[in-house]
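**Q** Need a 3D model of the sequence below.
(3 chains, ligands or ions: 4)
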Amino acid sequence: MKQLIYLDNAATTAARPEVVEAMLPYFSEKYGNPSSVYSLAQESKEAVDAARAAIAEALHAKPEEIYFTAGGSEADNWALVASAEAYEKKGRHIITTKIEHHAVLHTCQYLESRGFEVTYLDVDENGVVDLEELKQAIRPDTILISIMFANNEIGTIEPVEEIGKIAKAHGIPFHTDAVQAFGQVPIDVDALGIDMLSASGHKLNGPKGIGFLYIRRGIKIKSFIHGGAQERKRRAGTENVTGIVGFGKAVEIAVSTMEERTSYERRLRDHLIQRVLSEVPHSRLNGHPSDRLPANANFCFRFIEGESLLMMLDMKGICGSSGSACTSGSLDPSHVLLAIGLPHEIAHGSLRLTLNESNTMEEMDYVVDSIKEIVAQLREMSPLYADFVKKNK
Amino acid sequence: MKQLIYLDNAATTAARPEVVEAMLPYFSEKYGNPSSVYSLAQESKEAVDAARAAIAEALHAKPEEIYFTAGGSEADNWALVASAEAYEKKGRHIITTKIEHHAVLHTCQYLESRGFEVTYLDVDENGVVDLEELKQAIRPDTILISIMFANNEIGTIEPVEEIGKIAKAHGIPFHTDAVQAFGQVPIDVDALGIDMLSASGHKLNGPKGIGFLYIRRGIKIKSFIHGGAQERKRRAGTENVTGIVGFGKAVEIAVSTMEERTSYERRLRDHLIQRVLSEVPHSRLNGHPSDRLPANANFCFRFIEGESLLMMLDMKGICGSSGSACTSGSLDPSHVLLAIGLPHEIAHGSLRLTLNESNTMEEMDYVVDSIKEIVAQLREMSPLYADFVKKNK
Amino acid sequence: MYSEKVMDHFQHPRNMGEIENASGVGTVGNAKCGDIMRIFLDIDDNGIIRDVKFKTFGCGAAVATSSMATEMVKGKSIQEALKITNKAVMEALDGLPPVKVHCSLLAEEAIHAALWDYAEKNGIVIEGLKKPKNDIHEGEDEEEDY
Ligand SMILES: Cc1ncc(COP(=O)(O)O)c(C=O)c1O
Ligand SMILES: Cc1ncc(COP(=O)(O)O)c(C=O)c1O
Ligand code: FES
Ligand code: FES
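**A** Ligands and ions are numbered 1, 2, ... in the order given. This next block holds a predicted model:
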């Protein structure tokens, strides 16, 4: 098989060898249940605590403010559902944006079915929320603002610090889905005024099936998974010790290598963007040109459809993703691309490439060459392109 | 360090080497996100599907009826909360028992806070629910019966088949928490009339942080974790591929070795019980004498307190657990031991020993000898025992 | 996700292109996913489909079903072509994933649309052919039947 060029690191990442190595002893040797009394169990407990401390440090938080979950989705669901329940006496209004991940959006819809009211803020053509609109959306019964740190499709980084200030000025808890941002950009929950933050292990070269919700001390929130007394009685279930240990290790590495790694990725990414935009006709870059995740590139190619493009890239050994309807569970084109104002048929032809540190400049060039070839081929097949050519003849 | 004698397999188990081996390729090589389009991702998807099929087969269920979760607690929460929401138009009454795991009990309390009504059935002195009481508890607005398959503390196996029949006769969905039973006793969801079933990987030598909820086709239930389209749109979150693969392997082995393994464990366990009861004065066996999990023994030793007993056993290299307050988050003695009618001070002195196939007869003898010695020592220290001796002189 | 046959037709689409001055051209779109398919038919005086070409803006399943459908109608009479259902096309491709069933409807509808265009141009009525919707909107599989 030819060498894979994996450019879908926003979907998931390979666990680092060091991460797997750190996890291994906790499967079959130090397998004790951290809640038990005996020494074997204390080893697990210490490992969990160490990971918690490492993660807290990365965020400038306290260890007891980190609550492990099964992933980013659970953390988002928890943050929203359980704050809604905790603050429901104060009000039933929540503010979020149109470009959140489905883990936030579908949870908001669920809350609407339970009588909560949700305002979905618009974003501009780069995917940035409008702070004035946010201020205007705040009401006396607003109990939560949930705005993602960086968007998973187009990579745009939101003005989190300003949002934090606005939330604080109004005394409203501020949750941010940092599943894509954590480990890619520095995050200091105090400096940024973040009250709750979701993250997921498998997005930063940690294992799948583990995440956390940061909950600032003093923030009222109910449990989401009820049961045993784990996680300071806030999240029941026997701790996923191996997952936690691996996550901790992954965070340590991601944070300590962040500067060097992301500046390398950014250089590759910028080369890729620059070549695509200049060499592929009718292409555009989605997301903010500069305030974006370092490893994210997202393009639209007019007249072609995303899934076909992905399949042809796969045949060339390139793994990417698309906001195209055809690749997701639903048939609607990406809500994010629609929210930044793209028409349906253009939103269908998107391609997201998200890099990692093991990519090379040669790979970028091969990818651009492949895209050029495939896009031309697919346009050859496209009735939309035929119409366009006819009209412009 | 001396060789550990691990007798807390109901708390958690060591992952089998074969399980870890099966998982390993999915961390850093076949790490694709099962929802993605390219071939790398299809490998993950196939691995997830294979595990799902193996688990379905073990239960006599269909693969599409198995929904992976982060563990037993999430499965229990999901089954209860989301059926309550799905059937709330029909009624708001739920039936369960007093001896359920906290993952069920605390979720019931949460539902009570949301306006649902819960009947907690009593159990007899062996921990068995009374089928007549169950029948009488059923009302026109009863929307769910949730009764555990086998109790985690005292090991008693409930009359699941009869419960299934009663539920079916009344057209009420029947959920069972089989976290302790799955892999230990044969389970056929069709023959037993089970509509939903919770299980957890780490209880049967699989990894921690993975579980599933079986949902019979046709049972109405909402999502619990909202977001992406994973698990047939019913449980959002990037699949814990390694966890699922490990769980699948663990189930395969647990089922294929069940007969031989449990009859061996039963033999050891019966020897242990028999020696303890005959050689330790003022001791009793908790749970049903015969209808109990094959590897479970649960004793009460009057006049002593559970945590002290555990700590002293730990010093002898023996890992056990206790329903004692001091080891759980709460200070109340085990709700299960109280439900079977034990007075508080006796319920405090309980010891649960749960075996696995790697234990030996020699270990059992060493454990009994140690218990004898420690119990005597602790009684020496106990004012209750002093009073008792005085009174009976 | 896709069968080998689907992958083969996707990678090597048969009959891709346009027919100039075609006897009939049909374009249909799927409002749900925004995909578009266009079929060109060259029909001889005996009502036999002499040649067929397609253009498709859509997913892998849409491309493969277009390709397979054109193979299946080529050389057939109008009546025979009318009988080719999306199910037959799917079967010929060794099946499609459930979420992709609607894509195969595009092919069936595009052939019908092209035949309708042919009938209109020639002022004839083709027995059994209804005016095509240009929106395939069946809603057949979006909600899983739990
Ligand atoms: C009967 C029972 N139900 C539920 C659970 C919860 O499972 P988990 O800790 O995997 O979430 C356990 C074990 O802790 C259990 O024994
Ligand atoms: C922004 C964002 N939020 C939430 C999630 C959900 O995370 P997980 O799949 O780990 O549950 C993802 C990734 O899928 C994401 O990109
Ligand atoms: S044509 Fe859009 S999903 Fe196939
Ligand atoms: S005496 Fe310490 S908790 Fe019981």
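**Q** where's the nearest residue to A:V179 once chain neighbours are set aside relative to ligand 4, distance?
**A** Nearest-residue entry for A:V179: A:G72, 3.9 Å, with adjacent residues in sequence omitted and distances by C-beta to C-beta, 6 or more residues apart in numbering or on different chains. Heads up, the C-betas are built off the backbone N, CA and C, glycines and all. Plainly put, A:G72 is 37 Å away from ligand 4 if you go by C-beta to the nearest ligand atom, to the nearest Å.
**Q** How many neighbouring residues does A:G72 have?
**A** Other residues near A:G72 number 32, with proximity taken as other C-beta atoms under 10 Å in any protein chain shown.
**Q** same thing with C:I36?
**A** Neighbouring residues of C:I36 were enumerated by other C-beta under 10 Å; the total is 23.
**Q** And for A:K165?
**A** Residues near A:K165, counting by other C-beta under 10 Å, number 15.
**Q** Not counting sequence-adjacent ones, nearest residue to it?
**A** Counting by C-beta to C-beta, 6+ apart, the residue nearest A:K165 is A:G193, at 5.9 Å.
**Q** who's in contact with that neighbour?
**A** Taking C-beta atoms under 8 Å, 6 or more residues apart in numbering or on different chains, we find A:G193 in contact with A:161, A:163-165, A:167-168, A:174.
**Q** May I ask which helix or strand of the chain has the lowest mean pLDDT?
**A** No chain was given, so I picked chain A. For chain A, the helix or strand with the lowest mean confidence is helix A:344-347, at a mean of 85 (criterion: mean pLDDT, DSSP states H and E).
**Q** Let me rephrase: I mean chain C.
**A** Averaged element by element with mean pLDDT, DSSP H and E, chain C has its least confident helix or strand at strand C:24-30 (a mean of 91).
**Q** elements contacting that strand?
**A** Packing partners of strand C:24-30 (3 or more C-beta pairs under 8 Å, 6 or more residues apart in numbering or on different chains; DSSP states H and E): strand C:35-43, helix C:101-122.
**Q** for the last one, packing partners?
**A** Yep, that's helix C:101-122 we're talking about. If you count contacts as 3+ C-beta pairs under 8 Å, 6+ apart, helix C:101-122 packs onto strand C:24-30, strand C:35-43, helix C:60-73, helix C:78-82, helix C:86-92.
**Q** Need the buried ones from the contacts of A:G193 selected in PyMOL.
**A** Buried members of the contacts of A:G193 can be picked out in PyMOL with the line below, counting by 16 or more other C-beta atoms under 10 Å in any protein chain shown:
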select buried, chain A and resi 163+164+167+174
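**Q** Which of the contacts of A:G193 fall within helices?
**A** Cross-referencing the contacts of A:G193 against helices under DSSP state H gives A:161, A:163-165, A:167-168.
**Q** just the strands in chain A please.
**A** In chain A, the segments counted as strands under DSSP state E are A:5-6, A:66-69, A:93-97, A:117-121, A:142-146, A:174-177, A:196-200, A:211-215, A:283-285, A:296-301, A:318-319, A:350-354.
**Q** Can I get the ones you listed in CSV including distance to B:D332 and mean pLDDT?
**A** Converted to CSV, those look like this (distance: least, C-beta to C-beta, whole Å; pLDDT from 0 to 100):
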stretch, distance to B:D332, mean pLDDT
strand A:5-6, 52, 97
strand A:66-69, 24, 98
strand A:93-97, 36, 98
strand A:117-121, 40, 98
strand A:142-146, 33, 98
strand A:174-177, 34, 98
strand A:196-200, 31, 98
strand A:211-215, 26, 98
strand A:283-285, 60, 97
strand A:296-301, 51, 97
strand A:318-319, 53, 96
strand A:350-354, 50, 96
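**Q** In CSV: those strands, plus distance to B:K249.
**A** Output for the strands of chain A, formatted as CSV (distance: least, C-beta to C-beta, whole Å):
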stretch, distance to B:K249
strand A:5-6, 26
strand A:66-69, 24
strand A:93-97, 40
strand A:117-121, 42
strand A:142-146, 38
strand A:174-177, 33
strand A:196-200, 24
strand A:211-215, 24
strand A:283-285, 44
strand A:296-301, 36
strand A:318-319, 27
strand A:350-354, 31
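**Q** follow-up on the earlier one: ranking the helices and strands packed on helix C:101-122 by mean pLDDT, which is last?
**A** By mean pLDDT, the lowest-scoring of the helices and strands packed on helix C:101-122 turns out to be strand C:24-30, with a mean of 91.
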